[in-house]
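Colleague: structure of the sequence below:
(one chain, ligands or ions: 4)
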Amino acid sequence: MLLGALTGTGDETRVTGFAIDHRKIAPGTVFGAFRGSTFNGEDFIPQAIASGAVAVVARPEVEIEGAVHVAAEDPRRAFAQLAARFFAPFPETVVAVTGTNGKTSNVELTRQLWRMRGHHAASIGTLGVTTADDQVTTGLTTPDIVTFLSNMAGLAREGVTHAAFEASSHGLSQYRTEGLPVRAAAFTNFTRDHLDYHGTMEAYFEAKMRLFTEVVEPDGTAIVWMDDPKSAEVVRRCRERGIRLITVGATGETLRLIERTPSQLGQILILEAEGQRHTVNLPLIGAYQAANALTAAGLVLATGGDLAQTLANLARVQPVRGRLERAVISRAGAPVYVDYAHTPDAIEAAIAALRPHAKGRLIIVFGAGGDRDVGKRSQMGATAARLADLVIVTDDNPRSEDPAAIRRNVLEGAPHAREIGGRRAAIAAAIAEAGAGDIVLLAGKGHEQGQIVGDQVLPFDDVQVARECAA
Ligand SMILES: CC(=O)N[C@H]1[C@@H](OP(=O)(O)OP(=O)(O)OC[C@H]2O[C@@H](n3ccc(=O)[nH]c3=O)[C@H](O)[C@@H]2O)O[C@H](CO)[C@@H](O)[C@@H]1O[C@H](C)C(=O)N[C@@H](C)C(=O)N[C@H](CCC(=O)O)C(=O)O
Ligand SMILES: Nc1ncnc2c1ncn2[C@@H]1O[C@H](COP(=O)(O)OP(=O)(O)OP(=O)(O)O)[C@@H](O)[C@H]1O
Ligand SMILES: N[C@H](CCC[C@H](N)C(=O)O)C(=O)O
Ligand SMILES: [Mg+2]
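Modeller: Numbers count the residues shown, from 1 in each chain. Ligands and ions are numbered 1, 2, ... in the order given. Prediction:
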């Protein structure tokens with residue numbers, strides 16, 4: 001493809017690819033030089049050109065010799081637009097989900113519901129790129145722009161017509177998912193996380209709002225979970241831009257949740273929609289999974305789904321990996337659940353989901369990730385201490401930090417908790433302690449397959465370790 005075809009000029013330079021990392025340049029590549037939180041990509045421009053970059057997308061004031069300078073005040077955004085033209089075509093129907101918690105669950109449930117309608121569907125997010133036949137991990141929730149667009153194009157080549165992706169706040173603020181038309185966008189909730197990166201709750205919220213104010217198509221649809229303190233503000237932003245709204249939840253209008261009754265293996269939801277009552281037998285437990293199921297149903301309705309059929313299909317959804325997944329039942333008869341709760345709000349949601357199923361005590365084992373928001377740690381501790389009967393504080397991806405120091409931060413909020421460094425020992429202790437009627441909740445790692453210690457990833461799977469400890 002010629003550079004001129006991408007930039008709308010007569011430039012006949014041949015373009016072979018796009019890269020944002022100078023180490024991934026091959027002859028003919030367009031290099032995006034971005035200023036980041038650790039490095040300044042502009043410093044690598046000479047090396048990129050030496051490796052064969054034919055054009056560099058960079059700020060106007062940057063000096064470039066030996067390659068075309070595509071000057072832009074916002075190089076990340078300009079790069080995304082160009083790269084999208086290069087990688088197109090994409091799946092016809094692309095939707096996105098943002099919110100502090102529930103993104104992975106939503107994209108996965110949306111993918112399942114589309115599939116039940118007969119679409120060739122995929123999701124991209126924390127679990128990787130998932131299709132009906134395959135799951136490939138990308139490492140990040142929202143991959144970098146080049147990986148994202150090339151994955152989307154690859155899905156289209158495989159025949160995928162419907163794709164749902166997770167728009168993390170990091171991804172939104174770094175324009176990692178721009179350039180392709182996004183038909184619908186969902187908001188799940190907004191609570192504390194990632195303040196290490198965004199600094200303030202306001203900045204974190206604004207990063208998420210870009211999905212509605214800039215990324216979703218002007219004639220697209222916003223699906224808003226209404227029972228969150230921030231929902232009204234999201235709705236206000238969407239109305240200001242004139243985008244169509246689908247609201248869901250107890251205070252929602254499109255799918256109004258009237259009643260929710262836990263059953264042994266799931267829950268029964270009574271909804272009001274289009275002036276009629278509907279009963280949904282959802283095979284997932286917990287208020288939070290009901291919220292995600294309804295938001296995902298909203299995404300399907302926004303992309304052509306029929307109301308009665310979509311609600312009926314909710315009865316056939318499969319659990320999402322690592323989200324309230326029952327790993328094993330201990331010898332004493334206590335079920336052990338694994339959940340990806342790694343924020344104060346998620347810990348609250350996960351405990352609330354399991355509480356109705358516990359005849360005895362609810363025992364929680366969790367830690368907090370290193371090199372991430374420090375302030376959330378004691379809040380996670382306090383939430384667990386308030387809602388669980390026994391709290392065991394352990395390790396979760398210490399990364400470059402001292403695990404004992406992270407545990408101390410968590411324990412500030414849970415001074416009476418038991419401290420057991422070493423996640424396997426903590427899980428073993430919880431399972432040994434649990435009696436019949438008790439429930440054990442292993443929170444924070446969900447589907448993860450490793451414990452990140454320093455720069456090493458040591459194999460670790462909560463589900464597998466729970467089974468070993470219960471054997
Ligand atoms: C804080 C953060 O988001 N960092 C990500 C981001 O960094 P950045 O733009 O600030 O990049 P930087 O490392 O300062 O480098 C600046 C630029 O120089 C380039 N560079 C850098 C070094 C070099 O030798 N050559 C070079 O060309 C980089 O490619 C980049 O374009 O861009 C990089 C390339 O895409 C990512 O790998 C990196 O993710 C790091 C590994 C990370 O841990 N990110 C986490 C926090 C994250 O993004 N999490 C979110 C949310 C999780 C959730 O709640 O779901 C996610 O979406 O996964
Ligand atoms: N709608 C919700 N409301 C409150 N908590 C939720 C909701 N959905 C999920 N959770 C909690 O958050 C955890 C993570 O869920 P999920 O992976 O779907 O979220 P996510 O937004 O993709 O997270 P991440 O930011 O890590 O990608 C769940 O295991 C659960 O504890
Ligand atoms: N996407 C989230 C996942 C956190 C999961 C938890 N296990 C941790 O390591 O903190 C993050 O990177 O902040
Ligand atoms: Mg996720």
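
Colleague: so is the longest helix seen in the chain next to ligand 2?
Modeller: Selection of the longest helix in the chain by residue count, based on DSSP state H, yields helix 287-302. Yes. With CB under 6 Å from any ligand atom as the threshold, helix 287-302 lies in contact with ligand 2, specifically through 288, 291-292. All C-beta atoms are positioned from the backbone trio N, CA, C, and that covers glycine.

Colleague: swap in stretch 172-190?
Modeller: Yes. Applying CB under 6 Å from any ligand atom, one finds stretch 172-190 touching ligand 2 at 188-189.

Colleague: and R260, how many neighbours does it have?
Modeller: Under the neighbour criterion other CB atoms under 10 Å, R260 is assigned a count of 17.

Colleague: the host helix or strand of it - contacts with which helices or strands?
Modeller: R260 is located in strand 255-262, with elements delineated by DSSP states H and E. Where contact means 3 or more CB pairs under 8 Å, 6 or more residues apart in numbering; DSSP states H and E, strand 255-262 is packed against strand 244-249, strand 267-273, helix 287-302.

Colleague: what about that strand and ligand 2, any contact?
Modeller: No. Remark: strand 255-262 sits outside contact range of ligand 2, by CB under 6 Å from any ligand atom, the gap being at least 12.4 Å.

Colleague: what sits up against that strand?
Modeller: Contacts of strand 255-262 from elsewhere in the structure, counted by CB atoms under 8 Å, 6 or more residues apart in numbering, are 246-250, 267-273, 277, 285, 287, 290, 294, 297-298, 301, 356-357.

Colleague: follow-up on the earlier one: and the longest helix of the chain with strand 255-262, angle?
Modeller: In this structure, helix 287-302 runs at an angle of 150 degrees to strand 255-262, with axes from the mean of the first three to the mean of the last three CA atoms, to 10 degrees as the basis.

Colleague: and the angle for helix 287-302 with strand 267-273?
Modeller: The directions of helix 287-302 and strand 267-273 differ by 40 degrees, with the same axes, to 10 degrees as the criterion.

Colleague: next SSE after helix 287-302?
Modeller: The helix or strand immediately downstream of helix 287-302 is helix 307-313, counting by DSSP H and E.

Colleague: what does that following helix contact?
Modeller: 113, 116-117, 271, 273-274, 278, 280, 297, 300-301.

Colleague: quick one: buried residues of that helix?
Modeller: Taking 16 or more other CB atoms under 10 Å as the basis for neighbour counts, the residues of helix 307-313 that come out buried are 307, 310-311, 313.

Colleague: by mean pLDDT, flag the weakest helix or strand of the protein.
Modeller: helix 195-198 (a mean of 81; mean pLDDT, DSSP states H and E).

Colleague: now do the very next helix or strand once past that one: distance to the chain's middle.
Modeller: Toward the C-terminal end, the helix or strand that comes next after helix 195-198 (DSSP H and E) is helix 201-210. Relative to the centre of its chain, helix 201-210 is centred 15 Å away, using CA atoms, centre = their mean, to the nearest Å.

Colleague: ok, helix 201-210 near ligand 3 or not?
Modeller: No. Contact check for helix 201-210 against ligand 3, using CB under 6 Å from any ligand atom: none in range, with a minimum separation of 12.5 Å.
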